[in-house]
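A.B. asks: Turn this into a model:
(chains A and B)
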2 protein chains.
Amino acid sequence: MKKFFFILSILCVTIAFGQLHPSIMLTKKNAEAVRLGISKYPLLKTSYNDLKSEADIMLALPINVPTPADGGGGVSHEQHKNNYKAALSCGMLYQLSKDERYAKYVKDMMMEYARVYNTWGRHPKRKTQPGGKIFWQNLNDCVWLVYMIQGYDCIYDYVSENDRKYLMENLWIPVVNEQTVVNGKIFNYIHNFGAWSTAGVGMAGYVCGRKDWVEMALKGGNKDGKTGFFKLIDDLFSPDGYYEEGPYYLRYAIHPFIVFARAIQQYQPKLKVYEYRNQLLKKAVNISLQTTYTNKVFFPINDALKEKTYETEELVYATDIAYSDFQPNDELLNIAQQQKRVIVSDAGLKVAKAIAEGKSKTFEYKSMFIKDGADGTKGGLGVLRSGSNDNQTCLVMKAASQGMGHGHFDRLNVLFFDNNVEVFSDYGSVRFLNVETKSGGGYTKENDTWAKASIAHNTLVVDKTSHFNGNAEVGEKYAPSLLYFDANKNFQVVSAEENKAYDDVKMLRTVILFQPQGAVSPLFIDVFKVRSTTTHQYDLPFWYQGHLTNTTFPYQNNNKQLLAFGSKYGYEHIWLNAEGKVNNTNGAITFLNNRKYYTTTFLADTTSKVSFVTLGANDPDFNLRSEKAFVLTQPKTGNHTFINITEPHGINNPLIEFTKGFIPLTKNIQLINDNETGSTFSFEYNNKKYTIQLQYNNKQQFITIK
Amino acid sequence: MKKFFFILSILCVTIAFGQLHPSIMLTKKNAEAVRLGISKYPLLKTSYNDLKSEADIMLALPINVPTPADGGGGVSHEQHKNNYKAALSCGMLYQLSKDERYAKYVKDMMMEYARVYNTWGRHPKRKTQPGGKIFWQNLNDCVWLVYMIQGYDCIYDYVSENDRKYLMENLWIPVVNEQTVVNGKIFNYIHNFGAWSTAGVGMAGYVCGRKDWVEMALKGGNKDGKTGFFKLIDDLFSPDGYYEEGPYYLRYAIHPFIVFARAIQQYQPKLKVYEYRNQLLKKAVNISLQTTYTNKVFFPINDALKEKTYETEELVYATDIAYSDFQPNDELLNIAQQQKRVIVSDAGLKVAKAIAEGKSKTFEYKSMFIKDGADGTKGGLGVLRSGSNDNQTCLVMKAASQGMGHGHFDRLNVLFFDNNVEVFSDYGSVRFLNVETKSGGGYTKENDTWAKASIAHNTLVVDKTSHFNGNAEVGEKYAPSLLYFDANKNFQVVSAEENKAYDDVKMLRTVILFQPQGAVSPLFIDVFKVRSTTTHQYDLPFWYQGHLTNTTFPYQNNNKQLLAFGSKYGYEHIWLNAEGKVNNTNGAITFLNNRKYYTTTFLADTTSKVSFVTLGANDPDFNLRSEKAFVLTQPKTGNHTFINITEPHGINNPLIEFTKGFIPLTKNIQLINDNETGSTFSFEYNNKKYTIQLQYNNKQQFITIK
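C.D. replies: Okay, here's the model as predicted:
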């Protein structure tokens, strides 16, 4: 906090903006160099050409500022989105081409907004009060300002004094009022919404020379530092750069953080925003990339859409600025190459130039435990990786905090990736982005009833009830804690516990990547220790991708009739296809996914049950995908330790009719010793016996594998 | 037939084999040129390198000729497959590298086979009698010989006289006896099995100098021309080159036809096998490519696996030989580039050289009606295509014959592709190739009960009963007939009728691709006219890929319990998710597939019902995928004409959050006139009215669109 007040004091003294326009992503002093770079550096050239074709399409159409009417995906919604994108594209094009048609287009559009903006009431499709004005959500209005004001910066010098005045009075002041006063709650909200709102207002302040707007943006509506941009950086990120809402929302939030930080750096370099909180923003960009798998998709924990990869515009901004302004780490060039574009800007020039000079290096994914919580004490995300980017095995354990409104009840959930695909997956969110008939493109009701439920995740569900009884407020109060993390040459392990998800059940999960001699891929070894003084039903689901090929135990298939697996906490959305009893000390389930086999061999006893289920019940609007799981169940017990080992094995390529390694080599899991302080078990791989000892209270020798 | 006897007479006179080895794909006289080409032409080089790494892996392992034990996918099965592939690879390597280690490896392996072959009994996993010997099916033994004998040809000169004699007596003679006598039924079977069997025996005859074997291969076991290779060409192909079992099996069968034809051309050029039946084999290769979609997959009609593309080895052989030996059509080079390999051979050299010389041209997919039946009178396949290979709309109507044992009850079935993906799909077969736990890698029982059933296809089902009551023998007797085909600039149309699938119901389907002014993609217009003097239930299913986004009518969803849609003819495999009544003159269903919307608008009346279904009931071993369909039902009627128009529209890209064109522009389908001789209907697209008149008996003016 000391540091923060120090910065505040600098802020009050030094605020005196340079008046050159533009000054944010593309700057007056670098415009000529960027122009030259376009002809020299291929990635800058294609990015410029793409920008130009987009801008030219808009330029050919009449300016259209419709009265707000539709929800996400609707005609007026999309038109306003196209407008703000065009304002920025054409603004940049004007700076780079000096073709005044682009500037005139942006100015005319802004004049039209200024003419009608104050005639509009609240948005008719708003779902909350006061809601948005141009869009149904205020959030979209905030995004609108972030783009528009950058466009305005680009054409500022082109606009006459009179028109600037007109725009100021009829557009910028009302819009800033809309954000800071009418939707002041969002402006001061410690949430990604707040980041977008402060970024737009702050940049408007810089561009229009309104120090009061900048001050509000940096220090909050009351200018007291209790909210605002710096406070957002303080509270939303962990010291490692993890973002409370998870990777998918970090992707979304990083955009305003990065662009506004760049603006602050340009206008008030003495604030040292890039250095703030031990270079927090640099760490956040790195974490955003490190929380993707090699398929480029963000780990889809919490409310995530799996379509979002690091190719999104937000990450193009983040990657370019990180390389240009934070540190020229050549691994970022590799990401920029995958993104196939740069922002046509000062930063994009540096990236495209470095790539053209052959500096790109393979992006190195690392195993790490990423701490969550503003002070780093709210658990975190364990990420274990093995293998090259072509063929990486990756295991993620979510031992992080609730994640606010977009959080799921998924304590100690695991995600398992291999061979460039999901193996044990997280559903993500139930949302059809920009599909108007699907809840206006927003989250559908099944997002609450299904996607957030514990049973939707690869983690323990007690008595068919979600963690914290599905109460997010209670969930917000507690976080799992890390017991141990290590990633060495012989094995990788992360262990965490969560003792508050249920009143009288303690959950302790240890997940290990271990590659026995002769194995092509590491095994995913999962030890889920549950303790309770009372008896419960324990369900441990695995939502697998692929097609079931065999089991070592018989099951009864519900061939003629399907019923829901339960009546609430997400169970009402699941059809029960089949059930079996293992009746042996081990059971095994094999499935085929992307031409590779996966066998989960698990410890069992005479009471162990396995259910095979499909998602889709109680889904009146067909909003759910048909995902499949097997659920390991201990129907009535107090203390129990699940041990299961998932082995990737073999290959089956129907194209060339090649197959091998169909039979898994893992077998005979035996629990040797299990008590409060430790668990010891053995298994065989390829007829060689391995013994693993976990000592939960021994940080020096937490795990031994012999 | 005259022509055939003429050839037979030539055969008897001219048979006198050149004794140079090798003489089939790679020839002695060209080996030096191929060697040189490897260093010059990139595609030949990478193909050679791939061949060499495969061969070197085998060379490093001890020779392993296990006693036959396992079904498809099992260890001994895969080892014997690896052996025959290695025999050919190492044989070629020996010719190209002159490294005797390769020749020794092949010889040693063959000697080992010769040592043990005659000690083996019938294969323990055979499902039919007598079944195979090395493999569970005789078919695989035939494939084994096709590869092995080519490998032997390559090392022939290396093998001593004594060893040749040993191999002849202990391997080749017994193997040929196994094929021509023990499994003589297959050898003389007019089926792809027969093609593999005759090809192997015939090539063995050429390589080992046994004219009697060649004669049997060409003229059948009785050497009377009633079976054998030429008869197979006569009977299995239509004059257009269509193969009765469909594109997927054409892919499989083309391999022995092409390789053996090449051998015949080398040894007995006077037989003019390439010219046989108006260059039938050339046509067949062309048809095999023309029956793929731009995703490279063969149209999956009949028992097809969707994993099979024109990248399979069979099509590499076919493409290379077609270019080298039939006609150097530069569009084939485009295919070879997609295949990313050539056969390291005389033909592969020509292909790789031409590609290196920049001769490749885009492969041109064509709209065509491909006649089925040996005499071209058994209906055929209508293929309508529009757009470039990047973004092609393709409509296939199967108006072909039953397709023997691998045929489905899918008369007048349609497949619709767009935007590089399946839109209305065919399930293909229920088979997990080389997955031993899934019926030994063969077809599972659901292939008969589900995949072949009429309801599994996008065609009419009457009274919930499959065409021909699911009796293939009856189906074999009849074929649909083509009414009309045209593909011009303004529209494309194919119309066919099938009057024997049901005792008292006549089916006449006309499908049209028509692109109204302003449309980005053509509309798929479907007119299915059904006539009967008695009342029936008519179900018209559309198995769609993608996610349902909206309907214009309400439906009742079976939220808590799913029941099977019926009890037989495939209906027992379908869960009924929801049902609705349209209660309007038109209904519409929209789904989102690969970021594009598709809306099917259909003519309805007060009795019209729509069911939404999912595959998966009565599937005790989880062999079925979760496919989805909507089924249009007229519950009780005699004559009825279904008219539905499927419009591809809009775009929804969640990555860049871009959407447009969500609302379809097709509406208001009206049936104006409908009788025995014609149907006239109108619809609006983008508020413009179009009227289509079909005159079923008027070949001069079958269709008018105004």
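A.B. asks: can you tell me which helix in chain A is longest?
C.D. replies: Determined from DSSP state H, the single longest helix within chain A is helix A:75-97.
A.B. asks: Distance from that one to the middle of the chain?
C.D. replies: Distance of helix A:75-97 from the chain centroid (Cα atoms, centre = their mean, to the nearest Å) equals 26 Å.
A.B. asks: Name the residues of the stretch 201-350 of chain A found near chain B, please.
C.D. replies: Counting by Cβ under 8 Å from any Cβ of the partner chain, the stretch 201-350 of chain A comes close to chain B at A:305, A:307, A:308, A:309, A:311, A:312, A:313. Placement of C-beta: from N, CA and C, glycine included.
A.B. asks: Count the residues that sit near the fourth one.
C.D. replies: So that's residue A:309. 17 (other Cβ atoms under 10 Å in any protein chain shown).
A.B. asks: which residue packs closest to it, ignoring adjacent ones?
C.D. replies: residue A:296 (3.7 Å; Cβ to Cβ, 6 or more residues apart in numbering or on different chains).
A.B. asks: which ones are touching the one you found?
C.D. replies: Residue A:296 sits next to A:309, A:310, A:311, A:338 when contact means Cβ atoms under 8 Å, 6 or more residues apart in numbering or on different chains.
A.B. asks: Looking at these, spot the one nearest residue B:443.
C.D. replies: Nearest to residue B:443 among the contacts of residue A:296: residue A:309, at 38.2 Å, using Cβ to Cβ.
A.B. asks: Give the residue spans of chain A that score low on pLDDT.
C.D. replies: Of all residues in chain A, those with pLDDT under 70 make up the ranges A:1-19.
A.B. asks: Show me the domain layout of it.
C.D. replies: A:2-356, A:368-426+A:456-705 (automatic domain parsing).
A.B. asks: helix or strand for the closest residue to residue A:691 other than its chain neighbours, which one?
C.D. replies: Distances taken as Cβ to Cβ, 6+ apart place residue A:682 nearest to residue A:691, at 4.4 Å, with adjacent residues excluded. Per DSSP states H and E: residue A:682 is located in strand A:678-685.
A.B. asks: Point out the other helices and strands that that strand packs with.
C.D. replies: strand A:523-532, strand A:640-649, strand A:666-675, strand A:688-695 (3 or more Cβ pairs under 8 Å, 6 or more residues apart in numbering or on different chains; DSSP states H and E).
A.B. asks: which residue sits closest to the residue nearest the centre of chain A, ignoring its sequence neighbours?
C.D. replies: What sits nearest the mean C-alpha location of chain A, by Cα atoms, centre = their mean, is residue A:248, with 1.5 Å. Distance criterion Cβ to Cβ, 6+ apart; nearest residue to residue A:248, sequence neighbours excluded, is residue A:304 at 3.5 Å.
A.B. asks: can you tell me how far residue A:253 sits from residue A:348?
C.D. replies: Distance, residue A:253 to residue A:348, using Cβ to Cβ, to the nearest Å: 21 Å.
A.B. asks: Same question for residue A:520.
C.D. replies: Using Cβ to Cβ, residue A:520 is found at 40 Å from residue A:348.
A.B. asks: Pick out whichever of these two has more residues nearby.
C.D. replies: Each of residue A:520 and residue A:348 has its neighbours counted (other Cβ under 10 Å); residue A:348 has more, 30 against 15.
A.B. asks: Run through the residues that contact the closest residue to the more buried one other than its chain neighbours.
C.D. replies: Nearest residue to residue A:348, sequence neighbours excluded (Cβ to Cβ, 6+ apart): residue A:342, at 3.3 Å. Residues counted as contacts of residue A:342 (Cβ under 8 Å, 6+ apart) are A:43, A:44, A:47, A:316, A:320, A:336, A:348, A:349, A:351, A:352.
A.B. asks: contacting residues around the last one?
C.D. replies: Residues in contact with residue A:352 (Cβ under 8 Å, 6+ apart) are A:37, A:41, A:42, A:43, A:44, A:45, A:47, A:336, A:342.
A.B. asks: Need the three-state assignment for the fifth one.
C.D. replies: It stands for residue A:44. helix (DSSP: H, G, I helix; E, B strand; the rest coil).
A.B. asks: I'd like to know how many residues surround it.
C.D. replies: 27.
A.B. asks: Show me which residues of the stretch 601-706 of chain A sit near chain B.
C.D. replies: A:612, A:614, A:616-622, A:625-626, A:652, A:654-660, A:662.
A.B. asks: end-to-end on stretch A:113-120?
C.D. replies: 10 Å (Cα to Cα, to the nearest Å).
A.B. asks: Over to stretch A:299-306?
C.D. replies: 8 Å.
A.B. asks: Other residues contacting it?
C.D. replies: Residues lying outside stretch A:299-306 but in contact with it, judged by Cβ under 8 Å, 6+ apart, are A:245-249, A:291-293, A:297-298, A:381, A:396, A:398, A:400, A:403, A:406-408, A:410, A:413, A:415, A:425-429, A:431, A:433, A:443, A:447, A:451, B:654.
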